[in-house]
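[1] A predicted structure for the sequence below; I have some questions about it.
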Amino acid sequence: QVQLVESGGGLVQAGGSLRLSCAASGSIFSIKTMAWYRQAPGKQRELVAAITSGGITNYADSMKGRFTVSRDNAKNTVYLQMNSLKPEDTAVYYCNAAIQRSDWPPYEYSYWGQGTQVTVSS
């Protein structure tokens with residue numbers, strides 16, 4: 001069993017900041033890329049930011065300069081620091097991770113968290 005549990009969402013005023021966390025637990029051998037996605041009402045899920053196990057990051061253009069993704073490999077946790085938030089950042093934010101299991105069969109799977117709501121008021 002592998003689980004991703006997100007935390008840190010909430011309601012914030014425009015211009016404010018939030019920090020999301022996502023912790024992976026269970027039968028984990030290794031975690032490759034960890035990423036944050038978001039889905040606003042009536043829209044498709046989109047990539048926010050991703051980070052490899054070696055720390056290489058990638059951001060969607062609209063998040064560059066405002067959001068920072070980081071991870072603590074010892075804690076199997078990925079973070080998303082969101083600054084200068086805008087009302088259009090309102091969405092459910094999902095954590096995703098490519099995880100190789102430590103139990104049998106030791107395949108790599110893509111796992112999703114349950115999502116955390118971020119609401120930015122104007």
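    Here it is on my side, so go on. Numbering: from 1, shown residues only.

[2] what about the closest residue to residue 59 other than its chain neighbours, neighbour count?
    Distances taken as Cβ to Cβ, 6 or more residues apart in numbering place residue 49 nearest to residue 59, at 4.8 Å, with adjacent residues excluded. Where you see a C-beta, it was placed from the backbone N, CA and C, and this is true even at glycine. Counted with other Cβ atoms under 10 Å, the neighbours of residue 49 add up to 23.

[3] Tell me how far residue 61 lies from residue 16.
    22 Å (Cβ to Cβ, to the nearest Å).

[4] which one of the two has more residues nearby?
    It is residue 16, of residue 61 and residue 16, that has more neighbours when counted by other Cβ under 10 Å, with 14 against 6.

[5] Do I have it right that the more buried one meets residue 120?
    Yes - between residue 16 and residue 120 there is a contact under Cβ atoms under 8 Å: 7.4 Å.
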